[in-house]
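# Generate coordinates for the sequence data below:
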Amino acid sequence: MVDDPAVGDVRVAGARALAFQSVLGVAVPNYPAPKDDGRSFAVDARGRILSTGGPQPDLVLADFDLDRIRALQKEDWFRR
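Residues are numbered from 1 along each chain as shown. Next up is the predicted model:
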């Protein structure tokens with residue numbers, strides 16, 4: 001991931017914000033290094049990072065608790 005000294009990786013920050021605002025789990029596939037130095041990752045409905053891939057080609061797995069996401073959507077309906 002490309003770290004900006006001021007904000008960190010903007011792609012990760014954007015996906016975390018999208019997941020939080022939408023109350024959804026988000027999986028982001030990226031090209032591994034050396035193309036754009038991207039890494040795949042997944043975040044939960046609260047915007048927390050669940051899993052992150054390395055710079056090499058890899059399979060990244062994440063479990064999204066759909067019952068929990070549905071409960072959060074009802075509980076935090078104002079975020080949607």
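
# which stretches of this protein form helices?
Applying DSSP state H to the chain gives helices spanning 10-22, 66-75.

# okay, those helices, which one's buried deepest?
helix 10-22 (a mean of 16; mean count of other Cβ atoms under 10 Å). (Each C-beta comes from the backbone N, C-alpha and C, glycine too.)

# Including distance to Gly53, could the helices of the chain go into a markdown table?
Shown next, in a markdown table, are the helices of the chain (distance: least, Cβ to Cβ, whole Å):
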| stretch | distance to Gly53 |
| --- | --- |
| helix 10-22 | 12 |
| helix 66-75 | 22 |
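
# Make TSV from these and add mean pLDDT and distance to Leu59 to it.
Below are the helices of the chain laid out as TSV (pLDDT from 0 to 100; distance: least, Cβ to Cβ, whole Å):
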stretch	mean pLDDT	distance to Leu59
helix 10-22	90	19
helix 66-75	93	21
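
# where does the chain have its least confident helix or strand?
Among the helices and strands of the chain, helix 10-22 carries the lowest confidence by mean pLDDT, DSSP states H and E, at a mean of 90.
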